[in-house]
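K.L.:
The following block contains a protein sequence and its predicted model.
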Amino acid sequence: MKKSVKLIILFAVLAVAVGGYILVSRLFSDKEKELVTYPVAEFDASAVSGVEWSRRDSGGKALSRDGEKWVYRDDSALPVDGDKVTSMLSALADAVAGPVVKETREGADLSSFGLDEPYFSVTAKTADGTSVTVMLGELNDYSGKRYLVSTALEGVYLADAAFADGFPSDERELVQREKAPSPAALVSYTVKNGETVSTVRHYGGGNPDYYTDTYKYFLVSGDKETPVDPSVADGIYSALFNLSWQSVAAYNVKDEDLAFYGLDTPVSEVTATYTVTETVSKQAEDGSYGAETETHDETYTLCFGSDAEDGVYARLGEGNIVYTVSGATADEFRFDLRTDLDPAELLYLAKSEITRVEITSGADKYDLSSTVSTSTDDDGDEVRNVTWTLNGSEDGAQEIFDNAFDALNSLDIVAQKVKAPALPLREPDITVRVFPDGKPEITAVFYTDGNGDYICMAPDGVIKTVSGASVSALREAFAQ
């Protein structure tokens, strides 16, 4: 009896162990199945001769290969971007499915997966007549994937639907977009805003006729050139040569259609002149060939029209494609509205560039001058020594120069382009003259405006309002 009980217990333990083993094996098997993926459409993207796709919420699209280019079925005049098509097909060829939902589609109710009316369907055909069709159904909320079937697979699967995102619902997304020239050696650009025409000249190494090399861009007005604020100039340069179209609004646009986009008479039109450097092969007198560098100037034009839903309409030169760009890009060229072209600093100099500073305030005149000498240190290296004097005295002059330099750089501009018709009718309250090394003298004159601030004729020729506190700090730096 005892032996029978022991056998029963032994068989029970064995049954539990076997059952547990089977359960664990199934769990691991199910887990392994979840990790297995299956190519949904193995093919060579370069061998595809045609592709068709459709979405539940939009009509079907189709492309066919014609030699090296692609042709859009519904409009052969559409300039198709071949690189985009290659990217679409490559994404499909690389797509995988998994896990398996049903091992076979036979007898399955595809409507329960949203595959009777697919969310997305695509068919790729090759020149030898073979084809593959992939369909995506409803979203599985738990996994975040969509149900998928493919003629290359037997069952129903879950799959990441990202590959379908590259197949556009709007054929305009297939258009080959024009490009601005690569960032180049800019010579100048001219901006036309209605009747207002502005030209900005670029000096790559700095303007030799200006007191500092910091400013590279100058607004031209007749014979006069005034600097453009460096940060503003950089933004305009980026908008010119790093142009980014937001979308294609229309293609094959005729001249009579331009008015719809405000491009018959553009709000802004900018023409950039830039230098192109090319290496060419030339034959020498002895008949040999060698490489030579040639440069020439080229131009390109950007036009900005009326506001669109997602920005502003624009086109490149006389092109027949209308795009949209961001409002911020278009605003870079609204010179008729911009108030930030003038430099934010009254003076823009490094300490080492200044050789002398002179300030006159009423009967008081302060003259800070420097002399340079050289000596040799213990290692035999030449050392440059700068000695400052104030009205001929070295006593405290270095500290006064340091404070004066800080005060000059801290002059606070309250307003730009101030209208002050009375400016020439009286002597200035303060005159500041700065002498940069090897550059033209700089002069800034200040007049009290009766409200505690000063009206200043700045070195860039623009009349500005400067805060009274910052001007007082400059005067006190000399009078300490």
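P.N.:
Nice, thanks for sending it over. The model shown is predicted, which means the values in this text are computed figures rather than measured ones. Numbers count the residues shown, from 1 in each chain.
K.L.:
Confidence-wise, which helix or strand of the chain is lowest on average?
P.N.:
helix 2-35 (a mean of 51; mean pLDDT, DSSP states H and E).
K.L.:
name the helices or strands packed onto the helix or strand that it is followed by?
P.N.:
Beyond helix 2-35 in the direction of the C-terminus, DSSP states H and E gives the next helix or strand as strand 38-39. Secondary structure elements in contact with strand 38-39, counted by 3 or more C-beta pairs under 8 Å, 6 or more residues apart in numbering; DSSP states H and E, are strand 96-97. (Each C-beta comes from the backbone N, C-alpha and C, glycine too.)
K.L.:
Does anything pack onto the strand it packs on? Which helices or strands?
P.N.:
Applying 3+ C-beta pairs under 8 Å, 6+ apart, one finds that strand 96-97 contacts strand 38-39, strand 156-159.
K.L.:
could these go into CSV alongside mean neighbour count?
P.N.:
Formatted as CSV, the helices and strands packed on strand 96-97 follow (neighbours: other C-beta atoms under 10 Å):
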stretch, mean neighbour count
strand 38-39, 16
strand 156-159, 23
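K.L.:
now those strands as a markdown table including mean pLDDT and distance to Arg55?
P.N.:
Conversion of the helices and strands packed on strand 96-97 to a markdown table gives the following (pLDDT from 0 to 100; distance: least, C-beta to C-beta, whole Å):
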| stretch | mean pLDDT | distance to Arg55 |
| --- | --- | --- |
| strand 38-39 | 94 | 23 |
| strand 156-159 | 96 | 16 |
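K.L.:
need the ones you listed in JSON lines with distance to Asn207, can you?
P.N.:
Written out in JSON lines, the entries for these read as follows (distance: least, C-beta to C-beta, whole Å):
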{"stretch": "strand 38-39", "distance to Asn207": "62"}
{"stretch": "strand 156-159", "distance to Asn207": "61"}
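K.L.:
Which secondary structure state is assigned to the residue lying closest to Phe43 once chain neighbours are set aside?
P.N.:
The spatially closest residue to Phe43, leaving aside those adjacent along the chain, is Ala93, at 5.6 Å (C-beta to C-beta, 6 or more residues apart in numbering). In the three-state summary, Ala93 is assigned as helix, counting by DSSP: H, G, I helix; E, B strand; the rest coil.
K.L.:
roughly how far apart are Ala93 and Phe113?
P.N.:
Going from Ala93 to Phe113 by C-beta to C-beta, to the nearest Å gives 24 Å.
K.L.:
Dead centre of this protein: give me the residue that sits there.
P.N.:
Closest residue to the average C-alpha location of the chain: Asn242 at 5.7 Å, with C-alpha atoms, centre = their mean.
K.L.:
how close does it get to Tyr300?
P.N.:
In this structure, Asn242 and Tyr300 are separated by 14 Å, where distance is defined by C-beta to C-beta.
K.L.:
what do you get for Gly450?
P.N.:
In this structure, Gly450 and Tyr300 are 50 Å apart, going by C-beta to C-beta.
K.L.:
Give the residue from these two that has the larger number of neighbours.
P.N.:
When Gly450 is set against Tyr300 and neighbours are counted by other C-beta atoms under 10 Å, the residue ahead is Tyr300, at 19 against 7.
K.L.:
and the one helix or strand that one maps to, average pLDDT?
P.N.:
Assignment of secondary structure by DSSP H and E places Tyr300 within strand 289-308. Computed over strand 289-308, the mean pLDDT rounds to 91.
K.L.:
can you pull out the strands in the stretch 201-350 of the chain?
P.N.:
For the stretch 201-350 of the chain, applying DSSP state E, counting those that start in this stretch gives strands covering 217-221, 224-227, 247-250, 268-283, 289-308, 311-316, 322-325.
K.L.:
Out of those strands, which gets nearest to Glu394?
P.N.:
Checking these against Glu394 by C-beta to C-beta gives strand 224-227 as the closest, at 34.7 Å.
K.L.:
Low-confidence ranges, this protein, go.
P.N.:
Along the chain, the parts satisfying pLDDT under 70 run over 1-35, 418-425, 480.
K.L.:
circling back: any chance of the strands of the stretch 201-350 of the chain in JSON lines, plus distance to Asp81?
P.N.:
What follows is the strands of the stretch 201-350 of the chain, written out as JSON lines (distance: least, C-beta to C-beta, whole Å):
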{"stretch": "strand 217-221", "distance to Asp81": "34"}
{"stretch": "strand 224-227", "distance to Asp81": "41"}
{"stretch": "strand 247-250", "distance to Asp81": "10"}
{"stretch": "strand 268-283", "distance to Asp81": "25"}
{"stretch": "strand 289-308", "distance to Asp81": "20"}
{"stretch": "strand 311-316", "distance to Asp81": "15"}
{"stretch": "strand 322-325", "distance to Asp81": "13"}
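K.L.:
nearest to Lys125, of those?
P.N.:
Across the strands of the stretch 201-350 of the chain, Lys125 has its closest neighbour in strand 247-250 (26.7 Å, C-beta to C-beta).
K.L.:
Report the strands that pair with that closest one, each with its relative direction.
P.N.:
Strand 247-250 has these partner strands in its sheet, going by DSSP bridges: strand 322-325 (antiparallel).
K.L.:
Go ahead and measure how far the strand it pairs with is from the middle of the chain.
P.N.:
Centroid separation between strand 322-325 and its chain, computed with C-alpha atoms, centre = their mean, to the nearest Å, is 15 Å.
K.L.:
cool, stretch 199-211 as well?
P.N.:
Distance of stretch 199-211 from its chain centroid, counting by C-alpha atoms, centre = their mean, is 25 Å.
K.L.:
Validate this expectation: Thr104 resides in a strand.
P.N.:
No - under the criterion used here (three-state DSSP), Thr104 is coil, not part of a strand.
K.L.:
That one: how many residues sit nearby?
P.N.:
The local packing count at Thr104 equals 11, with neighbours defined by other C-beta under 10 Å.
K.L.:
was I right about it contacting Glu154?
P.N.:
Yes - under the criterion of C-beta atoms under 8 Å, Thr104 makes contact with Glu154 at 5.3 Å.
K.L.:
how does the chain divide into domains?
P.N.:
Following the assignment in automatic domain parsing, the chain carries domains at 38-174, 185-331, 351-479.
K.L.:
Any chance of a markdown table for the ones you listed, columns distance to Ala344?
P.N.:
What follows is these, written out as a markdown table (distance: least, C-beta to C-beta, whole Å):
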| stretch | distance to Ala344 |
| --- | --- |
| domain 38-174 | 41 |
| domain 185-331 | 6 |
| domain 351-479 | 7 |
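K.L.:
now for these, which one comes closest to Asp342?
P.N.:
Asp342 lies closest to domain 351-479 among the domains of the chain, at 4.8 Å (C-beta to C-beta).
K.L.:
end-to-end on the closest one?
P.N.:
For domain 351-479, the separation between the terminal residues is 20 Å (C-alpha to C-alpha, to the nearest Å).
K.L.:
And for stretch 144-156?
P.N.:
From the first residue to the last, stretch 144-156 extends over 16 Å; the measure is C-alpha to C-alpha.
K.L.:
shouldn't Asp460 be in contact with Glu225?
P.N.:
No - checked against C-beta under 8 Å, the pair Asp460 and Glu225 is beyond contact range at 9.2 Å.
K.L.:
any idea what sits nearest Trp245, other than its immediate chain neighbours?
P.N.:
Using C-beta to C-beta, 6+ apart, the nearest residue to Trp245 is Tyr323, at 4.2 Å.
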